[in-house]
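Novice: 3D model of this:
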Amino acid sequence: MAEVAFYGADWCSDCRRSKSLLNTLGVEYEMHDVEESKENADKAMEIAGRKNIPVIRFADGAFLVEPPDSVLHAELKVRGLVD
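Specialist: Predicted coordinates:
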């Protein structure tokens, strides 16, 4: 399992922003497109308890929903995934 699981969709501006930050920081993540698969959409809903995306889940089970870049970056630092 990847350190970061990303549930989102191509049309979602918050998803594009969060993916851009992960890519810029060189953080590897496993992409789960909620538009391509009902299972992915159901899993994101199960994790977050709501339909908002992106849902970003860490290996320790913690997750973020629609995080601002500053919050996502801070959570990546706490987990040692970025300096």
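Novice: With adjacent residues omitted, what lies nearest to Asp79?
Specialist: Just so we're on the same page, residue 79 is Arg rather than Asp. Phe58 (6.0 Å; CB to CB, 6 or more residues apart in numbering). Quick note: C-beta positions are derived from backbone N, CA and C, even for glycine.
Novice: Can you give me the distance of the one you found to Lys38?
Specialist: 24 Å (CB to CB, to the nearest Å).
Novice: Settle it for me: which of these two has more neighbours?
Specialist: Between Phe58 and Lys38, counted using other CB atoms under 10 Å, Phe58 has the larger neighbour count: 18 against 9.
Novice: Please report phi then psi for the residue nearest to the spatial centre of the chain.
Specialist: Taking CA atoms, centre = their mean as the criterion, Ile56 is the residue nearest the geometric centre of the chain, at 2.3 Å. With angles defined as degrees, to the nearest 10, Ile56 sits at phi -120, psi 120.
Novice: Let me know the pLDDT of it.
Specialist: pLDDT, Ile56: 98.
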